[in-house]
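Colleague: Please work out how this folds:
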Amino acid sequence: MKLWFRPAFLAILALLILSVPALFDLTRPGFYTSHDGETHAARIAMYSKALTDFQLPPRFAQTFYNGLGSPIFVYIYPLPYLLGALIHFLGFGIADSFKILMGASFIFSGIFTYLWLSYLLKSSKAGFLGALFYMWSPYRFLLIYVRASISEILAYTFVPLALYFLTRLIIERKLLFLPLSAFAIALILLSQNLVALIVMPIIGIYCILLAVINKSFKSLILSLLAAVLGLLASAITYLPSIFERNYVHFDSTINQTYVNHFVTLAQLIKSPWGYGFDLPGTINDQLSFQIGIAQLFVVAIALPLIILGLAKGRFLLKQKNVGNAGVALFFLIILLISAGLMIETPATIKIWQNIKAFSIIDIPWRFLGAIAISCAFLAAYVTKMIKPGLFLIFLVLLVLVANRNHLRINQQRDLSDTFFNTYLGTGTQYNEFTPQWRQTERVPEFFDPKQKAEITSGQGTIKIVNQNSKAVTLDLKLNTSSKILIHKFYFPGATLLINGKVYRAFKDYEISNPGSNDLNNQQDKSGLPRLNLPKGNYLITYSYGETQLRLFADLITALTLILLAALTALYAKR
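Modeller: Prediction:
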């Protein structure tokens, strides 16, 4: 019976109950219209297929680019698709796996936020309200029902978890929280690299602030070590993303896209809810960028309370006061900076032009996620400072009523597993992961996706012996000397097996456009390997594999994860 009356249990139970109306529309059968949901679900399908084919780690999506394949998983965050694949392996369809992961991310984000804020502020009520404001933020519903960005919603799930473990590491200086903090940081990094780029500096400054408040240089070193271990655990993605970036068209396609995605101050305060797109200019936008009425209300209430708290000398004092005015001021500043980076001004444009990391982020209003975190803390801080229970009830009702129109999908769609398992698009908005050996980023529409090779010159037959997400085996019977074009993109690490002999030097092979029999003079090269073979019979296997760099990254991630698991077990036992 004691469990039923514990504040933590009651708070988490209330968060679970209030998640029901927020997520109810995800229970509708089938899929739903959104900006990115279709491609995210297709990635889950391709990741599941790669795991089934023992492509470890998954790197290549089999059916993307009209069947030519894509190295998308060499560069992109793997965790959303790994978790989605694991849910799929439990027997759920692709669409249901996507929605289950979306719903679970929403719920756990509230639980993790409660753990962080209730610990830091030493108040279950404050932790509950901060978690509720984080969950019921307009931007979170934008990610779920409008954009369907499973990667961003998942990354923002682990941000409060990292803040919780790092807070305990800094305050208590117990070594158990070192590997746990590193795990949480790695979860953010492997969920969405753009979110990581936004929040990691915030988390870093937060750790410095807490270390100063606690007057502990040791805790700062421990948090820095946790960050390093988290980075090493995510090397599997970030090393190829940095050092093999020139293998794809990323830099030439993601270039100053931010110029069309600034917002106005009025849009941050109030803008109509919609399911369309963010169009060039600010008057044509068809989706909402509002911070939230309830969130802005607690910001307004928090400002005088922060000033009062600082005046009373609560800044940089004892451990029991670390969650008060100093940290609240920090998150208020983060909120103001984030809002400023989204609004189009000459100064803002200059910042985005001169700081390379911002151009990678590509969409200024992604900083709404940082604002959601800041508002969650400020809501908890206000609740901590204003004691009456009626005020708490008022804030709960305010955030629920203010977001009542954000809780639904636009239209249902009936998309089967077959649709996602045979998805022929590029899986991205800008086709940025097209191998650089293909001159254009356009999807080749003239291919038959079932055809894996063709004889462009000469006579003979081609039979598919076997194919999966990482390899295709062909039986060739050539009546004359022939030119063969394999319908799979060349990518470093690929190998070719011809009658038992291995060839790796694909860069030396001629790469040409299969749309013409003239394979020597093409402006728009296809990025596909071509073979010149004499008359005869051949058994050919073309397979994707890892470069030395990727193997090194795989090894670093594996060893770091083993180390973190061992340290967790060791310190937990102690």
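
Colleague: Lowest average confidence across helices and strands of the chain, where is it?
Modeller: When the helices and strands of the chain are scored by mean pLDDT, DSSP states H and E, helix 250-253 comes last with a mean of 75.

Colleague: ok, residues contacting it?
Modeller: Contact with helix 250-253 is made by Tyr75, Arg245, Tyr430, Asn431, Glu432, Phe433, Glu441, as judged by C-beta atoms under 8 Å, 6 or more residues apart in numbering. (Glycine included, C-beta is placed from N, CA and C.)

Colleague: Which of the residues you listed fall in helices?
Modeller: Tyr75 (DSSP state H).

Colleague: Would you mind writing the ChimeraX command to select the buried ones in the contacts of helix 250-253?
Modeller: The ChimeraX command for the buried members of these (criterion: 16 or more other C-beta atoms under 10 Å) is given here:
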select :75,430,431,432,433,441
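
Colleague: Relative to Ala558, which of the contacts of helix 250-253 is nearest.
Modeller: Ala558 lies nearest to Tyr75 out of the contacts of helix 250-253, by C-beta to C-beta, at 19.2 Å.

Colleague: correct me, but the closest one touches Ser241?
Modeller: Yes: between Tyr75 and Ser241 there is a contact at 5.0 Å, judged by C-beta atoms under 8 Å.

Colleague: on that earlier part again, would you tell me what the next helix or strand after the least confident helix or strand of the chain is?
Modeller: Next in sequence after helix 250-253, counting helices and strands by DSSP states H and E, comes helix 265-269.

Colleague: Which helix or strand lies directly C-terminal to that following helix?
Modeller: helix 293-311.

Colleague: Packing partners of that next one?
Modeller: helix 124-135, helix 325-342, helix 368-385, helix 389-402 (3 or more C-beta pairs under 8 Å, 6 or more residues apart in numbering; DSSP states H and E).

Colleague: Using CSV, please lay out the ones you listed together with distance to Ala311, mean pLDDT and mean neighbour count.
Modeller: Output for the helices and strands packed on helix 293-311, formatted as CSV (distance: least, C-beta to C-beta, whole Å; pLDDT from 0 to 100; neighbours: other C-beta atoms under 10 Å):
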stretch, distance to Ala311, mean pLDDT, mean neighbour count
helix 124-135, 21, 96, 26
helix 325-342, 9, 94, 20
helix 368-385, 13, 96, 27
helix 389-402, 22, 93, 15
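
Colleague: re the thing from before, mind putting the contacts of helix 250-253 in JSON lines, distance to Ala95 included?
Modeller: As requested, these are arranged in JSON lines below (distance: C-beta to C-beta, whole Å):
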{"residue": "Tyr75", "distance to Ala95": "25"}
{"residue": "Arg245", "distance to Ala95": "33"}
{"residue": "Tyr430", "distance to Ala95": "25"}
{"residue": "Asn431", "distance to Ala95": "24"}
{"residue": "Glu432", "distance to Ala95": "25"}
{"residue": "Phe433", "distance to Ala95": "24"}
{"residue": "Glu441", "distance to Ala95": "28"}
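
Colleague: Tabulate the contacts of helix 250-253 (a markdown table), appending pLDDT.
Modeller: As requested, the contacts of helix 250-253 are exported to a markdown table (pLDDT from 0 to 100):
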| residue | pLDDT |
| --- | --- |
| Tyr75 | 94 |
| Arg245 | 90 |
| Tyr430 | 81 |
| Asn431 | 86 |
| Glu432 | 86 |
| Phe433 | 89 |
| Glu441 | 71 |
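
Colleague: Kind regards, and thank you for your time.
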